[in-house]
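In: After the sequence you'll find the predicted model.
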Amino acid sequence: MTPLAAPFPHGRPRRLRRTTWIRDMVAENRLSVSDLIWPIFVRSGENVDEPVASLPGVSRLSIDRAVEAAKLAADLGIPCIALFPYTDENDKNPEATEAWNPENLVNRATRAIKAAVPGVGVLLDVALDPYSSDGHDGIVRDGVIVNDETLMALEKMALVQAEAGCDILGPSDMMDGRIGVIRAALETHDFPDTIIMSYAAKYASCFYGPFRDAVGATGALKGDKKTYQMDAANGAEALREIAIDLAEGADMVMVKPGLPYLDVCARAKLEFDVPVFAYQVSGEYAMLEAAAANGWLDREKAVLESLLGFKRAGCDGILSYHAPLAAQLIEGFPA
């Protein structure tokens, strides 16, 4: 329903835009540091800070440096970090067995971070692509990504991540039934408090390219992911996917990518009224950085405006590589 408004000149909407204080007072949405999750890439070695060429300002960090990043997150008030591994090629195979190795990169990093900075949450991705020699989120048999066999692998992966101390599991694989399998396993193995943030509406998008560079999956990927990730043309299907995941035990849901799918974020929040998150993915970050580097956008203003757009669409939080910069800008720290 359109709100009633007096006709001009009695109604002058600009009255509420005249000064900073009145704009702030009537603002419908606000961006907070507590809305942010910072994705971090982890690799082997010590004292390693390896820039990712397609993600300016983002690096692959050794575990000791990831601990330092977690300390920075705590200092900035960022409540949670998400860890993604750059897996050595020698540790990849068609079965993706490194995914449920208790001593793999993200599990060791999780233990180190929780020991050093226990107040910062850790989110771990549940999908096989960083560990698969085929580059897919599931196990491949004769060119087909097999659903039910993948579920058994994801169950094992989720359990070692919970045991390592992660706070939030983020199943991003888009296999049918995976939330129910993971939730049942967590309950059976005495991890009832582990949160599941389901990548419930994850689209087969071109915006993931720099991320695949960062985790070393670009060259490994054979074909595409359209048989399990969602079609960009579909919105109602996303609501069905979200409903399924909530029924199976997801605590929170995510829409990925973010900005091209703000309509899905808004529909999800209105339909289900559960915590909804969006991932401002690598391609979105890279576009903003490239435009800013060329002087076409004001970097700081573009970052804050893009993040505020997620809040306006109904998101409760955002995963963003710009999280440290945004936190500094929101809190008034020197950027």
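Out: Yes, it's here. Numbers count the residues shown, from 1 in each chain.
In: Give the next helix or strand downstream of the helix or strand bottoming out on mean pLDDT in the chain.
Out: In the chain, the helix or strand scored least confidently by mean pLDDT, DSSP states H and E is helix 209-215, which has a mean of 88. Next helix or strand after helix 209-215 toward the C-terminus (DSSP states H and E): helix 236-248.
In: Quick check: nearest residue in space to P13, chain neighbours excluded?
Out: Among residues not flanking P13 along the chain, A5 sits closest, at 7.6 Å (C-beta to C-beta, 6 or more residues apart in numbering). For glycine as for every other residue, the C-beta is placed from the backbone atoms N, C-alpha and C.
In: if we can go back for a sec, list the helices and strands the least confident helix or strand of the chain packs on?
Out: For helix 209-215, the elements it packs on are strand 80-85, helix 282-293, judged by 3 or more C-beta pairs under 8 Å, 6 or more residues apart in numbering; DSSP states H and E.
In: S132: which of those is closest?
Out: strand 80-85 (12.1 Å; C-beta to C-beta).
In: Any buried residues in the next helix or strand after that closest one, and which?
Out: Using DSSP H and E, the helix or strand that follows strand 80-85 in sequence is helix 105-116. By neighbour count on 16 or more other C-beta atoms under 10 Å, the buried set for helix 105-116 is 105-114.
In: Now do helix 105-116: distance to the chain's middle.
Out: Centre-to-centre, helix 105-116 and its host chain are 18 Å apart (C-alpha atoms, centre = their mean, to the nearest Å).
In: again, but for stretch 79-94
Out: The answer for stretch 79-94 is 15 Å, by C-alpha atoms, centre = their mean.
In: Kindly report the same for stretch 210-230.
Out: Worked out by C-alpha atoms, centre = their mean, stretch 210-230 lies 16 Å from the chain centre.
In: Endpoints of that stretch, how far apart?
Out: 19 Å (C-alpha to C-alpha, to the nearest Å).
In: quick one: the strands in the stretch 51-200 of the chain?
Out: 59-61, 80-85, 121-126, 139-141, 144-146, 168-171, 195-202 (DSSP state E, counting those that start in this stretch).
In: For the closest residue to L297 other than its chain neighbours, grab the count of nearby residues.
Out: Excluding the flanking residues, the one nearest L297 by C-beta to C-beta, 6+ apart is A291, at 4.3 Å. Close neighbours of A291, defined as other C-beta atoms under 10 Å, add up to 14.
In: hang on, the earlier thing: contact partners of the least confident helix or strand of the chain?
Out: 41, 52-55, 58, 60, 84-87, 129-130, 135, 218, 221, 281-283, 285-286 (C-beta atoms under 8 Å, 6 or more residues apart in numbering).
In: And those, which of them are buried?
Out: Buried among the contacts of helix 209-215 (16+ other C-beta under 10 Å): 41, 52, 54-55, 58, 60, 84-87, 129-130, 135, 281-283, 285-286.
In: just to revisit the earlier point, would you list the helices and strands packed on helix 209-215 in JSON lines and tack on mean pLDDT and distance to C315?
Out: Converted to JSON lines, those look like this (pLDDT from 0 to 100; distance: least, C-beta to C-beta, whole Å):
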{"stretch": "strand 80-85", "mean pLDDT": "98", "distance to C315": "14"}
{"stretch": "helix 282-293", "mean pLDDT": "97", "distance to C315": "14"}
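In: Am I right that the residue nearest to L297 is in contact with V303?
Out: No - shown here, A291 and V303 do not form a contact pair, counting by C-beta atoms under 8 Å, at 11.1 Å.
In: Look up how far L123 lies from the residue nearest to L297.
Out: 28 Å (C-beta to C-beta, to the nearest Å).
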